[in-house]
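[1] What would the 3D arrangement of this be:
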Amino acid sequence: MKDLLNLLLIEDVEDDALLVLRELRRGGFHPMWQRVETLEELQIALEQKQWDIVISDYRLPKFDAPNALKAVRLYHQSIPFILVSGTIGEVLAVEMMKAGANDYVMKENLKRLPEAVRRELRDAQVRFDRQQTEVELRESEERYRLLAENTNDLVCLHEPDGRYVYVSPSSEILLGYHYKELIGQYPYELFHPEDCALIQESHNQVLNQQPITVTHRIRHKSGHYIWFETLSKSIKDINEQIIKLQTTSRDITERIEAQQRLRYDALHDGLTGLPNRNLLTERLELAINRSRRFENYQYAVLFLDLDRFKVINDSLGHLVGDRLLTLVAQKLKEHIRDIDLVARLGGDEFVILLEDVTGIEKAIQVTERILEDLQAPFYINETEVVISTSVGIVLGTQSYQQASTLIRDADIAMYRAKAEGRGFYKVFDVEMHTQAVNRLTLETDLRKALEREEFFIYYQPIFDIVNFDNRQHSLELGINPASETCLVGFEALVRWHHPTRGIVNPEKFIPIAEETGLIVPIDQWVFRTACQQLAKWQQQFPDCVLKMSINLSAQDLYQSNLLAEIDRVLAATKISGAAITLEITESMLIENISKTIKLLWQLKDRQIQISIDDFGTGYSSLNYLHRLPADNLKIDRSFVGQMQQGNRNYQVVSTIIALSNQLGLAVVAEGIETKQQLQWLRGMGCEFGQGYLFSEPMNCKMVETILGNKLSPIGY
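    Numbering: from 1, shown residues only. Down below sits the predicted model:
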């Protein structure tokens with residue numbers, strides 16, 4: 001026969017309520033139940049009927065479990081309250097347990113609900129039995145003994161000085177001691193040393209006729225400690241004099257260990273086992289407070305970020321990436337003392353708190369050892385993985401008030417180190433924060449720039465350098481030495497005219513635009529504006545056959561409306577896709593090579609040419625180059641500008657040109673500034689070029705003058 005159960009169910013989803021009822025029936029209960037959804041319905045139900053147990057979801061449309069728990073406790077202090085939810089994390093679950101909830105069951109693990117209900121009903125009965133015991137002890141110690149011997153709790157009588165007078169037989173099960181072994185002994189010999197002060201305080205309160213409940217540890221006969229929740233109160237004679245102390249102790253080891261696990265999980269990273277941001281924040285706040293109290297106390301914060309970790313994740317897989325993070329965490333722990341802390345903030349970011357350091361030199365020493373150690377390759381699944389790390393260092397001072405400020409400044413210093421090269425460190429100074437604030441201001445202004453029409457485009461000519469005539473007398477006459485056929489097109493270069501800063505260097509605002517996602521609307525504006533300008537020039541100068549090269553960012557490639565936007569602009573401007581070359585940086589092609597290749601073929605279907613920009617500055621180029629539907633390779637200006645006869649850059653340029661010839665691709669060299677560079681490039685077989693030797697980037701009117709007069713922009 002099933003156990004009758006008066007159940008008050010706080011749940012707004014009927015299907016979830018039925019699942020709870022089904023599991024209870026499977027567990028041997030016959031629930032007589034009522035479901036409520038609002039606080040008002042809950043209060044009415046509590047007033048009208050006595051309930052055995054309350055089961056509650058965490059979030060409801062009109063109120064939540066914390067408020068429900070408060071309402072239940074106003075009516076019934078002892079009624080079991082079980083939280084059943086799948087929407088909250090462990091931290092909130094712990095908070096509910098602290099607030100007075102009796103248990104927590106995940107919805108995906110409802111099979112354990114009947115066990116939890118049965119246990120809490122039993123515990124409620126135990127609590128009731130305790131109350132009854134207290135009453136009966138006033139009337140008869142013998143009656144008290146009989147009741148105590150039939151409970152699973154540890155029930156004891158003590159002399160006012162604490163010595164055991166009576167111990168229930170359950171001591172043998174709970175503590176491993178026969179009850180006779182404890183009679184006449186002082187319990188303090190069994191208590192955990194860290195709990196003795198708390199128990200002594202509670203003992204004094206009981207002697208002052210104040211019942212109290214404490215949580216503490218008692219040593220089992222085998223040597224390990226178990227957790228008890230002990231209710232202590234005094235027993236008086238007819239003259240109201242204290243003659244005995246009564247303790248009723250319940251084994252709560254499982255509950256404490258569960259709470260400790262929840263707290264550990266809430267404060268530690270699940271992958272590496274390192275402390276997480278929450279625990280790091282607690283420790284940093286302690287360090288800040290300690291530095292205020294002790295003048296000679298100093299500490300340091302190190303912010304570490306693995307360089308190019310995303311490349312490892314994308315190329316070798318997330319399992320290798322996770323294993324690498326675990327190995328890095330182990331190495332970092334080897335470089336700190338017991339008083340220090342290494343935490344993982346998330347991703348590939350780690351923070352180290354160095355306590356009680358003698359100065360910034362000590363923090364630098366630790367950092368240099370870490371950087372040197374992390375240079376050694378890691379071996380994961382027989383694969384050699386080499387990484388480097390950028391580190392920002394902050395020396396804690398009394399000026400710091402919040403942990404978040406310390407992390408922020410260390411982060412700023414880390415990014416400065418990363419900007420100056422891989423595998424370096426930087427010590428934070430106030431100027432870095434000023435620059436970070438300026439950068440934030442620039443970001444804010446950048447968001448308004450499109451709306452305020454502050455962007456404009458300069459156009460840099462691209463020439464056919466194979467057919468370019470080198471006759472000096474033509475230059476002296478100011479005539480284009482190879483006619484207009486040498487000018488094959490322009491590269492559209494976005495510029496920003498800030499209302500107060502003037503012209504902002506693209507190297508400053510393009511990285512910010514890419515980080516914030518603003519690069520997408522900027523690139524769309526550039527594409528639309530450049531196409532409109534090309535269409536205008538085609539009407540003005542019908543004899544000129546020109547192409548427009550336009551840059552795309554990595555984020556553009558992953559916009560679902562990219563092709564639709566291109567089609568819309570081409571249709572509106574009535575220009576052919578064959579007149580457009582899209583320049584894509586080499587390094588962003590491997591982000592998702594398969595998806596990128598598919599997109600590039602769709603662009604090729606529209607006759608749009610593809611140019612791989614900054615070729616040679618990326619990595620693993622040969623691994624994917626033969627798969628890409630590219631038309632051109634563009635040699636980065638860093639190679640062209642540093643060419644010397646036979647040097648390494650010269651060889652790189654020569655190799656790129658030879659490779660392009662093998663693959664049937666055209667080559668465009670950018671950054672040509674001298675006659676010698678032009679001569680070398682032509683000798684290697686480079687077809688096209690651009691640079692200050694020919695022309696600086698020009699505005700629309702300058703371009704129209706060149707096209708109208710058929711003049712060379714700048715002679716050489």
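[2] Residue ranges in the stretch 51-200 of the chain under the pLDDT threshold?
    87, 130-151 (pLDDT under 70).
[3] Now do the helices in it.
    65-75, 90-99, 113-139, 141-148, 171-175, 179-182, 196-207 (DSSP state H, counting those that start in this stretch).
[4] Indicate which one of the ones you listed is closest to residue 612.
    Residue 612 sits nearest to helix 90-99 of all these, at 48.2 Å, using Cβ to Cβ. (Each C-beta comes from the backbone N, C-alpha and C, glycine too.)
[5] That closest one packs against which elements?
    helix 65-75, strand 103-106, helix 253-267 (3 or more Cβ pairs under 8 Å, 6 or more residues apart in numbering; DSSP states H and E).
[6] which one of the ones you listed is the most hemmed in?
    strand 103-106 (a mean of 20; mean count of other Cβ atoms under 10 Å).
[7] Parallel or antiparallel, list what pairs with it.
    Strand pairing for strand 103-106, determined by DSSP bridges: strand 81-85 (parallel).
[8] For the partner strand, list every residue counted as buried.
    Buried residues in strand 81-85, counted by 16 or more other Cβ atoms under 10 Å: 81, 82, 83, 84, 85.
[9] Output it as CSV, nothing but the C-alphas.
    Coordinates of each C-alpha in strand 81-85 appear next as CSV, following Å, rounded to 0.1, in the frame of the first residue of the first chain:
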residue,chain,number,x,y,z
PHE,A,81,10.6,22.5,1.4
ILE,A,82,12.2,20.8,-1.6
LEU,A,83,13.3,22.8,-4.6
VAL,A,84,12.8,21.1,-8.0
SER,A,85,14.2,23.0,-10.9
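[10] Now find how far off-centre stretch 34-52 is within its chain.
    Distance of stretch 34-52 from the chain centroid (Cα atoms, centre = their mean, to the nearest Å) equals 42 Å.
[11] what's near enough to touch residue 385?
    312, 316, 320, 324, 377, 378, 379 (Cβ atoms under 8 Å, 6 or more residues apart in numbering).
[12] change it to 6 Å
    With contact taken as Cβ atoms under 6 Å, 6 or more residues apart in numbering, residue 385 is in contact with 324, 378.
[13] That one and residue 593: what is the separation?
    Distance check for residue 385 against residue 593: by Cβ to Cβ, to the nearest Å, it reads 20 Å.
[14] cool, and residue 259?
    Applying Cβ to Cβ to residue 259 and residue 593 gives a distance of 48 Å.
[15] How about residue 69?
    53 Å.
[16] Pop the domain breakdown of the chain in here.
    3-123, 140-257, 271-428, 442-709 (automatic domain parsing).
[17] right, and those domains - which one's nearest residue 129?
    Per Cβ to Cβ, nearest to residue 129 of those: domain 140-257, 6.4 Å.
[18] Grab the nearest non-local neighbour of the residue nearest the centre of the chain.
    The centre of the chain sits closest to residue 346, judged by Cα atoms, centre = their mean, with a distance of 4.2 Å. Leaving aside its sequence neighbours, residue 346 sits nearest to residue 277 (Cβ to Cβ, 6 or more residues apart in numbering; 7.4 Å).
[19] Below-threshold pLDDT in the protein: ranges please.
    Low-confidence segments of the chain (pLDDT under 70): 1, 87, 130-151, 430-438, 468-485, 586-592, 616-624, 710-716.
[20] check contacts around residue 196.
    Contacts of residue 196 by Cβ under 6 Å, 6+ apart: none found.
[21] any idea how far it is from residue 217?
    In terms of Cβ to Cβ, residue 196 sits 10 Å off from residue 217.
[22] Repeat that for residue 240.
    Taking Cβ to Cβ, one finds residue 240 at 34 Å from residue 217.
[23] circling back to that earlier point, could I get the domains of the chain in a markdown table, plus columns for distance to residue 263?
    Shown next, in a markdown table, are those (distance: least, Cβ to Cβ, whole Å):
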| stretch | distance to residue 263 |
| --- | --- |
| domain 3-123 | 6 |
| domain 140-257 | 10 |
| domain 271-428 | 10 |
| domain 442-709 | 36 |
